[in-house]
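In: sequence? don't have it. structure:
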Ligand code: AP5
Ligand code: MG
């Protein structure tokens, strides 16, 4: 089994690139953000708990998302691997992922990282707000906090995966097609 991480700040293009990646490499795309938004839309207890955190631009507790990943790995069988979009986002989650993969006899294959500068994060999210209507795209304060949360809690994972020799950085500022081509050339090596 392959375990790819699709890494990057908010609005970097993770969701945009995921389906082509999943199709080409026969991976199941798992976005913890999408799973949490489904829980919110269904009004489950978990969704209700997550709502205020997501709308503030903060992370939900590590155990919640780790449980989602474990559950997916236990139940999804008919694929060559997984494409994890938006997970891990903290060092604790990255360590948990290593353990979960090891328990399946595997390991993280590569961390494919889409990088864009902070100003572009704002532009992209503002553009998407008018199309998708995500609550966490709606106001500047939330977007600022998402960017801060990324730098404080998620960015340290770059060093974590570099140290493991698994970090692959892609210039996310290029066009969607150019970014996809870069991603494929990196993934073909793993
Ligand atoms: P999540 O849903 O993961 O949001 P995110 O990381 O903030 O990322 P986005 O979905 O905003 O951006 P994206 O990279 O997918 O960009 P997209 O392709 O849409 O998480 C939401 C929240 O859930 C978190 O804040 C947190 O509260 C919680 N959560 C989720 N996972 C968690 C975890 N592991 N731990 C704790 N909490 C967690 O592109 C953006 C826009 O740009 C689109 O309009 C797109 O069309 C456009 N675009 C994309 N690529 C290009 C390009 N190359 N050129 C021009 N435009 C482009
Ligand atoms: Mg996304």
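Out: Structure received. For clarity, every value in this text was computed on a predicted model and none was experimentally measured. Numbers count the residues shown, from 1 in each chain. Ligands and ions are numbered 1, 2, ... in the order given.

In: how much space separates the closest residue to ligand 2 within the chain from ligand 1?
Out: The minimum distance from the chain to ligand 2, using CB to the ion, falls at residue 15 (3.2 Å). No exception for glycine: its C-beta is placed from N, CA and C like everyone else's. From residue 15 across to ligand 1, the span is 3 Å (CB to the nearest ligand atom, to the nearest Å).

In: correct me, but that residue touches residue 32?
Out: No. In this structure, residue 15 is not within contact of residue 32 by CB atoms under 8 Å, at 11.6 Å.

In: so which strand or helix has residue 96?
Out: Under the criterion of DSSP states H and E, residue 96 resides in helix 91-103.

In: just checking, what packs against that helix?
Out: Here helix 91-103 touches strand 2-7, helix 62-75, helix 156-163, going by 3 or more CB pairs under 8 Å, 6 or more residues apart in numbering; DSSP states H and E.

In: got those as CSV, with mean neighbour count columns?
Out: Formatted as CSV, the helices and strands packed on helix 91-103 follow (neighbours: other CB atoms under 10 Å):
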stretch, mean neighbour count
strand 2-7, 25
helix 62-75, 16
helix 156-163, 15
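
In: compare these and give me the one nearest residue 122.
Out: strand 2-7 (19.3 Å; CB to CB).

In: the helices and strands packed on helix 91-103: which one's closest to ligand 1?
Out: Closest approach to ligand 1 among those (CB to the nearest ligand atom): helix 62-75, 4.1 Å.

In: please state the offset of that closest one from the chain centre?
Out: 14 Å (CA atoms, centre = their mean, to the nearest Å).
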